[in-house]
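**Student:** sequence first, predicted model second:
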Number of protein chains: 2
Amino acid sequence: MSNEEVTPEEAAKMLPAGAALSWGLVKPPQRGPKREMSIDQIVSKAIEIADQDGLAAVSMNRIASALGFTAMSLYRYIPSKDDLLILMQDAACDIPLTPERPPHEWRESMREYVLGTVAIFRKHPWYGDIPILGIPITPNNLRIVDWALRPLRDMPLDHFEKMSIVLLLSGYARNCGMLQRDIDRAVQAGSSEEEFSGINYSASLRTLVKPEPYPNLYPIVMSGVYSGENEAENTVGDDLEFGLERMLDGIEQYLNRKISGSIHK
Amino acid sequence: MSNEEVTPEEAAKMLPAGAALSWGLVKPPQRGPKREMSIDQIVSKAIEIADQDGLAAVSMNRIASALGFTAMSLYRYIPSKDDLLILMQDAACDIPLTPERPPHEWRESMREYVLGTVAIFRKHPWYGDIPILGIPITPNNLRIVDWALRPLRDMPLDHFEKMSIVLLLSGYARNCGMLQRDIDRAVQAGSSEEEFSGINYSASLRTLVKPEPYPNLYPIVMSGVYSGENEAENTVGDDLEFGLERMLDGIEQYLNRKISGSIHK
DNA sequence: GATATACTGTTTATGGTATAAACATTTTTT
DNA sequence: AAAAAATGTTTATACCATAAACAGTATATC
């Protein structure tokens, strides 16, 4: 189904407006007064606000006011706030990719991809707050998917296998990114205000998590590892690294099996 | 820091109100008129609405009206909507856990955990829409964390290693859960309305994703695998399974290395 | 038993949100 | 020159969460 080619104009209609905008499929109008703003300007200001005060602070009113216009003027550029969020998300994905490595360094390539993705969450703490509505469809976002696929290119894997691996890595990167963001926030709040902010549940959990219904979690909570008590001074990269190396080992094993299997047959 | 024990009352104060409520730390008042509602009733109705019309449809007004009361009455039970979301989230985690298996069946135990977690997202499509504000701290949620830790109990791993593995599995389960939810939605929308609803970007992506900036993604988009064209009839579990088996292989390899390493030393 | 206290659900009000519709103005196309 | 289309603004709508004040009711204390 839907194997036909389609004109860019038709493609634009089938996409959310924000996605169509991000692809540059919406031609600027010819008639009428000259525009006093630009989409880039609006998105940049929205990101500026989100970086400073969080995604909840991003309202049409606040963006427009910061630019010296009324809220409604923004709708001449972007049809809805959801579309603005799509554009913000794609803009945050506009990062430099690492240079390609020789195929045998595929593990290092994947590490670079995961670390690079995690960096987005640290640079833009609001990034993870934008709800995921489906698979990536915007240009910068897809560049990152392409980045993830790069070390897999010449491997003896079919499309499904490749996408499964990308799903594995990207999901892990997302989780680590959000965890890292939370830690960043806690460190920031803890160092500036008192010894630690209210985002510390260690004491409460030690009281509430008992061996009875939580036999396996109990010792970990008591040790302080669960709530990440001294995670701030801990080598935070280690957490990310452990899971990543397990995944890479699993992938490597699969490749080895597949190669030796095809030789034997 | 904060190694002291703490009374339940003190613990309640240090937690978000929704979490304190979920732990039953808030004692029902003695004086005053009898309550005409209950927290369980409110949360159940909220979940009912979310199951039907999505999380965005859950407003204090809608919940209260459905119960025959005014919006403000809910605040006598739950101090804020954020707290209600915490309660909804924890309620969705109230699922039966699989029976414990012998230690050597740890892989199957982990598979059951991941599949069980994914099932939550399918049963309650709104579940993934609730923003994650930090580590799980509510009772049912922690039961699930305990579930994930169960097959690791007697393994030669420290607390950090165990939590890293839980992070790996839970994150993967979350990703698969949300992907599965999207597919469910697309199938539902496609079968009921026309041949397929607007949530099909295959044609657009085929036009937009060119070999030039997307050399690795291009063939996968063209094949239709990227946008999951025939995912509906495909055995959806396969996608989940692949990544899961890779992770389990990686974990197994780590365990083997660790055991043989400790023998040699 | 009387009174004080605390809790009930309701009404009213506030300030916020996204955005629809109507408007005069400006630029380009016909 | 006239028509069309786009501009940014004003005004208005329909939500949203929730604060404050209210009259009524059940319990605890005297």
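**Tutor:** The structure has been received and is ready for your questions.

**Student:** need the residues of chain A near DNA strand C, please.
**Tutor:** By C-beta under 7 Å from any atom of the strand, the residues of chain A that approach DNA strand C are A:30-34, A:58-62, A:71-72, A:75, A:80-82. (Glycine included, C-beta is placed from N, CA and C.)

**Student:** centroid-nearest residue for chain A?
**Tutor:** Closest to where the C-alpha atoms of chain A average out (C-alpha atoms, centre = their mean) is residue A:174, at 5.4 Å.

**Student:** that residue and residue A:130 touch, don't they?
**Tutor:** No - using C-beta atoms under 8 Å, residue A:174 makes no contact with residue A:130, being 11.6 Å away.

**Student:** just checking, what packs against the one helix or strand the residue nearest to the centre of chain A maps to?
**Tutor:** For residue A:174, the element it lies in under DSSP states H and E is helix A:159-192. Other elements packing on helix A:159-192 under the criterion 3 or more C-beta pairs under 8 Å, 6 or more residues apart in numbering or on different chains; DSSP states H and E are helix A:106-123, helix A:139-149, helix A:237-264, helix B:159-192, helix B:218-223, helix B:237-264.

**Student:** quick one: is the helix or strand just after it near chain B?
**Tutor:** Sequence-wise, the next helix or strand downstream of helix A:159-192 (DSSP H and E) is helix A:202-208. Yes - counting by C-beta under 8 Å from any C-beta of the partner chain, chain B has neighbours in helix A:202-208: A:202, A:203, A:204, A:205, A:206, A:207, A:208.

**Student:** from those, which single one is nearest DNA strand D?
**Tutor:** DNA strand D lies nearest to residue A:204 out of these, by C-beta to the nearest atom of the strand, at 21.8 Å.

**Student:** so how many other residues sit close to the spatially closest residue to that closest one that is not a sequence neighbour?
**Tutor:** Sequence neighbours aside, residue B:11 is the residue nearest to residue A:204 in space, at 3.9 Å (criterion: C-beta to C-beta, 6 or more residues apart in numbering or on different chains). Residues within reach of residue B:11, counting by other C-beta atoms under 10 Å in any protein chain shown, total 21.

**Student:** if we can go back for a sec, same list, the residues of helix A:202-208 next to chain B, but as a markdown table with pLDDT, distance to residue B:254 and neighbour count please.
**Tutor:** Below are these laid out as a markdown table (pLDDT from 0 to 100; distance: C-beta to C-beta, whole Å; neighbours: other C-beta atoms under 10 Å in any protein chain shown):
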| residue | pLDDT | distance to residue B:254 | neighbour count |
| --- | --- | --- | --- |
| A:202 | 90 | 28 | 20 |
| A:203 | 92 | 33 | 19 |
| A:204 | 95 | 32 | 24 |
| A:205 | 96 | 27 | 26 |
| A:206 | 95 | 29 | 22 |
| A:207 | 95 | 33 | 21 |
| A:208 | 97 | 31 | 23 |
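
**Student:** pull the residues that contact stretch A:256-265.
**Tutor:** A:156, A:157 (C-beta atoms under 8 Å, 6 or more residues apart in numbering or on different chains).

**Student:** how far out from the middle of the chain is that stretch?
**Tutor:** Relative to its chain's centre, stretch A:256-265 lies at 35 Å (C-alpha atoms, centre = their mean, to the nearest Å).

**Student:** only alpha carbons, please: show it as PDB.
**Tutor:** Provided in PDB are the C-alpha atoms of stretch A:256-265 (Å, rounded to 0.1, in the frame of the first residue of the first chain):
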ATOM      1  CA  ASN A 256      29.300 -13.400  15.200                       C
ATOM      2  CA  ARG A 257      26.600 -16.000  15.300                       C
ATOM      3  CA  LYS A 258      25.200 -14.800  12.100                       C
ATOM      4  CA  ILE A 259      28.500 -14.700  10.300                       C
ATOM      5  CA  SER A 260      29.600 -18.100  11.400                       C
ATOM      6  CA  GLY A 261      26.200 -19.500  10.700                       C
ATOM      7  CA  SER A 262      26.200 -18.300   7.100                       C
ATOM      8  CA  ILE A 263      29.700 -19.800   6.600                       C
ATOM      9  CA  HIS A 264      28.600 -23.200   7.800                       C
ATOM     10  CA  LYS A 265      25.600 -23.100   5.500                       C
END
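
**Student:** ok, the residue nearest to the centre of chain A - contacts?
**Tutor:** A:117, A:121, A:128, B:171, B:175.

**Student:** between those residues, which is nearest DNA strand D?
**Tutor:** Comparing the contacts of residue A:174 against DNA strand D with C-beta to the nearest atom of the strand places residue A:128 closest, at 21.6 Å.

**Student:** which residues touch residue A:44?
**Tutor:** By C-beta under 8 Å, 6+ apart, the neighbours of residue A:44 are residue A:91.

**Student:** where's it, which helix or strand?
**Tutor:** helix A:39-53.

**Student:** I'd like the next helix or strand past that helix.
**Tutor:** Moving toward the C-terminus from helix A:39-53, the next helix or strand (DSSP H and E) is helix A:60-67.

**Student:** so which elements touch that following helix?
**Tutor:** On a contact count with 3+ C-beta pairs under 8 Å, 6+ apart, helix A:60-67 meets helix A:39-53.

**Student:** so where is chain A shaky, pLDDT-wise?
**Tutor:** Residue ranges of chain A with pLDDT under 70: A:1-4, A:190-199, A:230-237, A:263-265.

**Student:** let's see that with 50 instead.
**Tutor:** Scanning chain A for pLDDT under 50 picks out A:193-195, A:197-198, A:235-236, A:265.

**Student:** domain ranges for it, per the record?
**Tutor:** Domain assignment for chain A, taken from automatic domain parsing, gives A:8-92, A:103-199+A:235-264.

**Student:** just send those back as CSV, with distance to residue B:112 too.
**Tutor:** Putting the domains of chain A into CSV (distance: least, C-beta to C-beta, whole Å) gives the following:
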stretch, distance to residue B:112
domain A:8-92, 34
domain A:103-199+A:235-264, 19
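
**Student:** out of those, which comes closest to residue A:221?
**Tutor:** domain A:103-199+A:235-264 (16.3 Å; C-beta to C-beta).

**Student:** how far out from the middle of the chain is that closest one?
**Tutor:** Worked out by C-alpha atoms, centre = their mean, domain A:103-199+A:235-264 lies 9 Å from the chain centre.

**Student:** pretty sure residue A:57 contacts residue A:50?
**Tutor:** Yes - using C-beta under 8 Å, residue A:57 is in contact with residue A:50, at 7.0 Å.

**Student:** neighbour count: the two, which is higher?
**Tutor:** Remark: of residue A:57 and residue A:50, residue A:50 carries more neighbours, 23 against 13, as counted by other C-beta under 10 Å.

**Student:** right, and the more buried one touches residue A:58 too?
**Tutor:** Yes - if you go by C-beta under 8 Å, residue A:50 and residue A:58 touch, sitting 5.1 Å apart.

**Student:** biggest separation within the contacts of residue A:174, which pair?
**Tutor:** Spatially, the most separated pair among the contacts of residue A:174 is A:121 and B:175, at 15.0 Å (C-beta to C-beta).

**Student:** and the strand or helix carrying residue A:21, what does it pack onto?
**Tutor:** Using DSSP H and E, residue A:21 sits within helix A:17-22. In this structure, helix A:17-22 packs against helix A:8-14, helix A:81-92, with contacts taken as 3+ C-beta pairs under 8 Å, 6+ apart.

**Student:** what's the angle between the longest one and helix A:60-67?
**Tutor:** For helix A:81-92 and helix A:60-67, the angle between their directions (axes from the mean of the first three to the mean of the last three C-alpha atoms, to 10 degrees) works out to 60 degrees.

**Student:** please see if helix A:81-92 touches DNA strand D.
**Tutor:** No - under the criterion of C-beta under 7 Å from any atom of the strand, helix A:81-92 makes no contact with DNA strand D; the nearest approach is 12.9 Å.
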